[in-house]
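Novice: everything below, folded, please.
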Amino acid sequence: MQDNTSELLRARFEKLTRLKEKGIDPYPKRYDRTHTTEQAITFFEEHESETETGKSPEDMRIAGRIISFRGMGNATFADLLDGFGRIQILFRRNTIKESYDILNDLDIGDWLGVEGPIFRTRTGEITLEVMRFEILCKSLRPLPEKWHGLKDVEIRYRQKYLDLISNPEAKKSAVMRSLIIKSIRNFMDGRGFIEVETPTLVPVAAGAMAHPFITHHNSLNRNLYLRIATELYLKRLIVGGIEKVYEIGKVFRNEGIDFKHNPEFTTMESYESFVDYNDVMQMVEELVHSVSLNANGSSSVQFTGEMIDFSPPWPRLELREQITKYSGIDFFDYPDVDSLRNAMNLIGVNVANQLSWGGLLDKLISDKVEPHLVQPCFLTDYPVAMSPLAKRKNTDPRLVERFEGFVAKMEICNAFTELNDPIDQRQRFEQQEQLRDTYADEETDRLDEDFLVAIEHGMPPTGGLGIGIDRLTMLLTNNHSIREVILFPQLRNN
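Specialist: Numbering: from 1, shown residues only. Predicted coordinates:
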């Protein structure tokens, strides 16, 4: 295989050399394109009945990558692919004269600019007849064998550009992701939120229960961390009087890789003064519904064989009731690690990797509750031990006003009525630090002294939200793996 690849590379280098010897620049600086493939085809279809010759009255200039060659003696058909579609082109020897022989030095993968009229062949295919052409880029590496509909998962993820060339669905997902993010921005802006940017390199990796990535700043001679959340900086802005704020950006968590997790992922976090988690729930319903309508033209989507309907309202399901319903365990009856671990062992839940009480309960939710959460819904009212940044419920101080949104058995968002009592917040952070000392391998939050100083100046009642852009995109594009919706996912070593 390596020898074959080397031979193909050698042949392309020889063609490159011949082109240069003919005075042809195989890497020009620009090309004056007049139409995309889509525009050219649309224009011809709209005006075809007006033409007397069957050809467009004016020549068009189109540019794209050669994806097929079909030689027929003194005529050659090829297909050009640009960012908008594909069009057939026709070279005739008696039309382009001596330039026709240059085709011998072209390959699939090369970029061409072509100019000529559009017509329809006898078989009905809209085609550009080439009057003039320019080589825009000579490709030195061949596309993979059977690149049409490339199936090799490793190649698709490691060399995403090949996936985009060969799989229309990959390009569609990439374009759809951009539309989804734009729709989220429009929704938030329309509600009066201000978009901001907060630090990526932080002195304390706080705001979520996760292991951080560590780096070192040479000039400052200090360790810094890639942020694991944007929460604590956004809430500083709430303290500063920006009443509605959001950020769309990357966060980084040193965790495992699977179809729902990538170590760097994109979130939208928002914070709004004077509202609680009930208001945020309503906003999430409306946000996702609006984005689905904008992206797919419908409130319902197909995802892995299920029809998912995002229409509000979504059911509110109390976490304690759902855990009891599906596992038989009322977590209030098992207030310590040993008792909860024993109860989970009795129902066959693998607890080998869970150390703390909160970690055990999170595992119980994943195994016993999440598989039943197919249609959009909210799980509400979590134990304090799992939620160090959320405000306690007035009706039961053992619980907090927190919800997680689930769709298709997958968490897509996490939200709180934010804790703004600096004394309670300090105590919660200190408990997290104790847990981190006791269970070093388990994910915990961290004490951020600067954030505590900020909220000691007074943070108004606030509702906060974090929503996963990647998982939402998975749902709206019917992709079962997060790697399908991230252009450059993290992968294991070859």
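
Novice: per the record, what domains does the protein have?
Specialist: 2-142, 165-315+375-484 (automatic domain parsing).

Novice: mean confidence for the last one?
Specialist: Which is domain 165-315+375-484. On average, the pLDDT along domain 165-315+375-484 is 94.

Novice: between its first and last residues, how far does that domain reach?
Specialist: End-to-end distance for domain 165-315+375-484: 14 Å, by Cα to Cα, to the nearest Å.

Novice: between the domains of the chain, which one is closest to Gln322.
Specialist: Ranking the domains of the chain by proximity to Gln322 (Cβ to Cβ) places domain 165-315+375-484 first, at 6.4 Å. Where C-beta positions appear, they are placed from N, C-alpha and C, glycine not excepted.

Novice: now find how far off-centre the closest one is within its chain.
Specialist: Relative to its chain's centre, domain 165-315+375-484 lies at 14 Å (Cα atoms, centre = their mean, to the nearest Å).

Novice: quick one: buried residues of whichever helix in the chain runs longest?
Specialist: Longest helix in the chain, counting residues (DSSP state H): helix 168-190. Neighbour-count burial for helix 168-190, counted by 16 or more other Cβ atoms under 10 Å, picks out Ala170, Ser173, Ala174, Met176, Arg177, Ile180, Ile181, Ser183, Ile184, Phe187, Met188.

Novice: which SSE is the residue lying farthest from the centre of the chain in?
Specialist: Residue farthest from the centre of the chain, counting by Cα atoms, centre = their mean, is Asn94 at 49.8 Å. Asn94 is part of helix 93-96 when elements are defined by DSSP states H and E.

Novice: which residues sit against the next helix-or-strand element following that helix?
Specialist: Counting by DSSP H and E, the next helix or strand C-terminal to helix 93-96 is strand 111-116. Strand 111-116 is touched from outside by 31, 33, 59-66, 80, 89, 106, 128-137, 139, with contacts defined as Cβ atoms under 8 Å, 6 or more residues apart in numbering.

Novice: just the CA trace of strand 111-116, in PDB.
Specialist: Extracted in PDB, the C-alpha atoms of strand 111-116 (Å, rounded to 0.1, in the frame of the first residue of the first chain):
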ATOM      1  CA  TRP A 111      -8.900  22.600  -8.500                       C
ATOM      2  CA  LEU A 112     -10.000  24.200 -11.700                       C
ATOM      3  CA  GLY A 113     -11.600  27.500 -12.900                       C
ATOM      4  CA  VAL A 114     -13.700  27.000 -16.000                       C
ATOM      5  CA  GLU A 115     -15.500  29.400 -18.200                       C
ATOM      6  CA  GLY A 116     -18.200  28.800 -20.800                       C
END
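
Novice: what strands flank that strand, and is each parallel or antiparallel?
Specialist: Partners of strand 111-116 in the sheet, by DSSP bridges, are strand 60-71 (antiparallel), strand 132-137 (antiparallel).

Novice: which one of those strands lies nearest to Asp309?
Specialist: Relative to Asp309, the nearest member of the strands paired with strand 111-116 by Cβ to Cβ is strand 60-71, separated by 38.5 Å.

Novice: re the thing from before, touching, the residue farthest from the centre of the chain and Asn74? I think so.
Specialist: Yes: when contacts are counted by Cβ atoms under 8 Å, Asn94 is listed as touching Asn74 (6.9 Å).

Novice: circling back: and the pLDDT at the residue farthest from the centre of the chain?
Specialist: 94.

Novice: let me see the contact set for Asn296.
Specialist: Leu476.

Novice: nearest to Thr324, out of the domains of the chain?
Specialist: Distance to Thr324, taken as Cβ to Cβ, is lowest for domain 165-315+375-484 among the domains of the chain, at 12.9 Å.

Novice: mind listing the helices for the stretch 251-400 of the chain?
Specialist: 277-296, 319-327, 337-346, 357-364 (DSSP state H, counting those that start in this stretch).

Novice: and the residue farthest from the centre of the chain, what does it touch?
Specialist: Counted by Cβ under 8 Å, 6+ apart, Asn94 has contacts Asn74.

Novice: distance check, it against Phe43.
Specialist: 27 Å (Cβ to Cβ, to the nearest Å).

Novice: among the buried residues of helix 168-190, which pair sits farthest apart?
Specialist: Ala170 and Met188 (27.8 Å).
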